[in-house]
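The sequence and its predicted three-dimensional model are supplied below.
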Amino acid sequence: MKLSILNPLAHRLAAAAAGALMLISPTMAQTLERIEPHSWWVGMHNPELQLMLHGENIAELEPRIDRAGVTLLRSTRTGNPNYLFIDLRIDPSAQPGEMTLELQREGHTVLRSAYALQARTAGSAERRGFGPADAIYLVVPDRFAQGNPPPRDPAMLEGEDRQHSTGRHGGNLDGLRRHLDYIAGLGFTMLWPTPLTENNNPAYSYHGYAATDFYRVDPRFGSNEDYRALVAEAHTKGLGVIQDVVLNHIGLNHWWMRDLPSPDWIHQWAQFTETSHARLTVQDPYAAEADRRVFSDGWFGPHMPDLNQRNPLLATYLIQNSLWWIEYAGLSGLRIDTYSYSDKDFLAIWSQRVMAEYPHLNLVGEEWSPHPTVVAYWLRGKANTDGYRSSMPSMMDFPLHGALLAALTENDSHSSGLSKLYEALAQDFVYPDPANLVVFEGNHDTPRLYSTLHDDTALTRMALAYLAVTRRIPQITYGTELLMQSPRERDDGAVRADFPGGWRGDSADAFKGAGLSAQQHEMQDFVRRLFNWRKRASAVHSGALTHYSPSHGIYVLCRRDDKQRVMLLLNKSKETQHLDLARFAEMLHPGETAHDVLGARGRFELGAKLDLAPRSVTLLELEGAAAR
């Protein structure tokens, strides 16, 4: 974006004002400090674009545009004279190039800004998002790897402090870029970094969930161009990138908070009011309106002001911001934090607008609930009794995540242990498209899997094998393959510990396999074998699923399509089990050949029984259609 100032004196003053772009008139000062979005594209599905202009007394000026194919529809002013919103229509005939925006008083141009209308990348609208054939690797960029540090920005309030678990540790985009081969080599096809947008807060800014500028990558990670280059390089290695976005709240230091566009831009209370986290109030037919309001309008924390998406100008801003990042960076999807905390009518519009622009993209929302019916409420194609309709293709499968952990940590009975995993999957009838849900062993907010499973490598292998084979999109967190540990109670700093080898001088380097214990090497190799096998397992990507109710500590899950059959057998018991295969006649028959994907048996002929070692994972691949 370029801005020219039609006044020599103002030009000199602007240069002296450290980037504040301004014009002095005999009666009033005007500045144009921001135009957001920074740029746009011709040929978008929705031809309308709303620009937010911010600057001192900018609302006193009248916009004018003289560009073929671009029509000025309307201008909107709020009670704050420092904001002006301009709605444009960009016709299909419009050509890419610079568009000149003039701001006038009484017919005389006071400010002029060049605004870029760009050509879309070929095939952008038809881009494919992530799906059941993919596997997602989650990283916290500040804690993954430190490459060459970007130029220091003295405006950033918090510096690097690796000695404290809640401080910034210095991981950056260059460090992540240097290790894309490692992630792809493990068998993953999608990369999900936690938010990268600027979080210029005085403390606890590393996690990224309290944005202070929606259109800027945090300079401690790198630049916007560094991010776009990372995504492009990831594509060359078979990795798509999923961007983590927050629609619900901002950081207290967001630039809006110094000059709110309007009083209702955020939810304001007489005194600090935290959200109740009572997410069921959204669907509860008996919920009190007061309870619904506290959940949706309460702040996520004292340093996270809650956005009011019922304000139509803010709603449009957030929609366009999501579209801008997808188009600008070349993304394969979005993960939406604290999904249900935003206004639900806004979420329906937001998801519809994003999917209208990118019909084959995927979006996954975070709804931290153990109830399948609550998660299903938000999904595209769900017929809700209250008439609510969403366009969200996917949600994080917290119910199945919880059932998996219970299955592996509880004693087995008809209602506990492995039975919970069986029953959770059996409730897939509530989901319009269960295969498109994202299931996970843990994330940046949950205790580490290995620690949750009481440092048991056998149970850890079972959890990861289940993720890889069940009818879902699997996601694992960085370092799970290294048996990274944390307290079993929530401790974010410990969960988000530094990846070994990401910093110069680390005693171990997991990227190179140096300094790891034998158990860590074994688990890293297990993950590599498992997820690289999954990349070519068509039955797992799109095949039918059949599972068998657990018995004697054994849970069996099968996948099949017209090319492949897969059988996963989890033996949680402490004894060798001699499994009678007659029960599974609809899936296989004695005498056929099986391939032991993860074990040492190689190819072998199935007999009437199959021996399962104590506390073991057996993954069998059988070629051809199902036995029946």
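Sure, I can see it.

roughly how far out does the strand or helix carrying residue 99 sit from the chain middle?
Taking DSSP states H and E as the definition, one finds residue 99 inside strand 97-105. From the chain centre to the centre of strand 97-105 is a distance of 36 Å (C-alpha atoms, centre = their mean, to the nearest Å).

Likewise for stretch 30-41?
Centre-to-centre, stretch 30-41 and its host chain are 26 Å apart (C-alpha atoms, centre = their mean).

residue contacts, residue 344?
Applying C-beta atoms under 8 Å, 6 or more residues apart in numbering, we find residue 344 in contact with 282, 296, 388. For the C-beta atoms, the positions are set from N, CA and C on the backbone; glycine is no exception.

Equivalent analysis for residue 381, please.
Contacts of residue 381 by C-beta under 8 Å, 6+ apart are 432, 433.

on that earlier part again, now, which of the contacts of residue 344 lie within helices?
residue 296 (DSSP state H).

Give the partner strands of the strand holding residue 99 in its sheet and their orientations.
Strand 97-105 has its sheet partners listed here by DSSP bridges as strand 62-65 (antiparallel), strand 108-118 (antiparallel).

Can you say which of those is packed in most?
Per residue and on average, the most neighbours among the strands paired with strand 97-105 fall to strand 108-118, with a mean of 18 (mean count of other C-beta atoms under 10 Å).

which residue ranges form the strands in the stretch 1-150 of the chain?
2-5, 22-24, 29-31, 34-36, 40-41, 48-54, 62-65, 70-76, 83-90, 97-105, 108-118, 136-139 (DSSP state E, counting those that start in this stretch).

need the ones you listed in JSON lines with distance to residue 577 and mean pLDDT, can you?
JSON lines is the format used below for the strands of the stretch 1-150 of the chain (distance: least, C-beta to C-beta, whole Å; pLDDT from 0 to 100):
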{"stretch": "strand 2-5", "distance to residue 577": "71", "mean pLDDT": "32"}
{"stretch": "strand 22-24", "distance to residue 577": "77", "mean pLDDT": "40"}
{"stretch": "strand 29-31", "distance to residue 577": "75", "mean pLDDT": "79"}
{"stretch": "strand 34-36", "distance to residue 577": "61", "mean pLDDT": "98"}
{"stretch": "strand 40-41", "distance to residue 577": "59", "mean pLDDT": "98"}
{"stretch": "strand 48-54", "distance to residue 577": "63", "mean pLDDT": "98"}
{"stretch": "strand 62-65", "distance to residue 577": "74", "mean pLDDT": "97"}
{"stretch": "strand 70-76", "distance to residue 577": "69", "mean pLDDT": "98"}
{"stretch": "strand 83-90", "distance to residue 577": "65", "mean pLDDT": "98"}
{"stretch": "strand 97-105", "distance to residue 577": "70", "mean pLDDT": "96"}
{"stretch": "strand 108-118", "distance to residue 577": "61", "mean pLDDT": "96"}
{"stretch": "strand 136-139", "distance to residue 577": "33", "mean pLDDT": "98"}
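
Can you tell me which of these is packed in deepest?
strand 136-139 (a mean of 24).

Show me what it is packed against.
strand 190-193, strand 473-477 (3 or more C-beta pairs under 8 Å, 6 or more residues apart in numbering; DSSP states H and E).

change it to 10 Å
For strand 136-139, the elements it packs on are helix 180-185, strand 190-193, strand 240-246, strand 333-337, strand 438-440, strand 473-477, judged by 3 or more C-beta pairs under 10 Å, 6 or more residues apart in numbering; DSSP states H and E.

which residue packs closest to residue 124, ignoring adjacent ones?
residue 327 (6.3 Å; C-beta to C-beta, 6 or more residues apart in numbering).

could the strands of the stretch 1-150 of the chain be laid out in a markdown table, adding distance to residue 584?
Listed next are the strands of the stretch 1-150 of the chain as a markdown table, based on distance: least, C-beta to C-beta, whole Å:
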| stretch | distance to residue 584 |
| --- | --- |
| strand 2-5 | 68 |
| strand 22-24 | 76 |
| strand 29-31 | 73 |
| strand 34-36 | 58 |
| strand 40-41 | 53 |
| strand 48-54 | 57 |
| strand 62-65 | 69 |
| strand 70-76 | 64 |
| strand 83-90 | 59 |
| strand 97-105 | 64 |
| strand 108-118 | 56 |
| strand 136-139 | 31 |
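
For this structure, which residues score under the pLDDT cut-off?
1-28, 624-628 (pLDDT under 70).

Which strand residues bridge the residue nearest the centre of it?
Geometric centre of the chain, nearest residue: residue 335, 2.5 Å, by C-alpha atoms, centre = their mean. Taking DSSP bridges as the rule, residue 335 bridges to residue 244, residue 364.

didn't it look like it was pressed against residue 208?
No. Using C-beta atoms under 10 Å, residue 335 is not in contact with residue 208; the gap is 11.9 Å.

joint contacts of these two?
193, 194, 195, 244 (C-beta atoms under 10 Å, 6 or more residues apart in numbering).

quick check, nearest of these to residue 160?
Taking C-beta to C-beta as the measure, residue 160 lies nearest residue 194 of the shared contacts of residue 335 and residue 208, at 17.4 Å.

and the closest one, how far is that from residue 138?
Computed as C-beta to C-beta, to the nearest Å, the residue 194 to residue 138 distance reads 8 Å.

List the residues that are in contact with both of those two.
With C-beta under 10 Å, 6+ apart, residue 194 and residue 138 have common neighbours 144, 244, 335, 443, 444.

My guess is the first one contacts residue 499. True?
Yes. Residue 144 lies in contact with residue 499 (C-beta under 10 Å); the separation is 5.0 Å.

Check the contact lists of those two and give me the overlap.
Overlap of the contact sets of residue 144 and residue 499 (by C-beta under 10 Å, 6+ apart) consists of 171, 175, 179, 478, 479.

Nearest to residue 504 among the strands paired with strand 97-105 would be which one?
Across the strands paired with strand 97-105, closest to residue 504 is strand 108-118 (C-beta to C-beta), at 38.8 Å.

relative orientation of the closest one and strand 83-90 in degrees?
50 degrees (axes from the mean of the first three to the mean of the last three C-alpha atoms, to 10 degrees).

Show me how far strand 108-118 is from its chain's centre.
35 Å.

Alpha carbons of it, in PDB - could you do that?
The C-alpha trace of strand 108-118 is given here as PDB (Å, rounded to 0.1, in the frame of the first residue of the first chain):
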ATOM      1  CA  HIS A 108     -10.800  18.800  -3.200                       C
ATOM      2  CA  THR A 109      -8.500  15.800  -2.700                       C
ATOM      3  CA  VAL A 110      -6.800  15.800   0.700                       C
ATOM      4  CA  LEU A 111      -5.300  12.400   0.800                       C
ATOM      5  CA  ARG A 112      -4.600   9.800  -1.900                       C
ATOM      6  CA  SER A 113      -3.700   6.100  -1.400                       C
ATOM      7  CA  ALA A 114      -2.800   3.500  -4.000                       C
ATOM      8  CA  TYR A 115      -4.500   0.200  -3.200                       C
ATOM      9  CA  ALA A 116      -3.500  -3.100  -4.800                       C
ATOM     10  CA  LEU A 117      -6.000  -5.300  -6.600                       C
ATOM     11  CA  GLN A 118      -4.200  -8.500  -7.400                       C
END
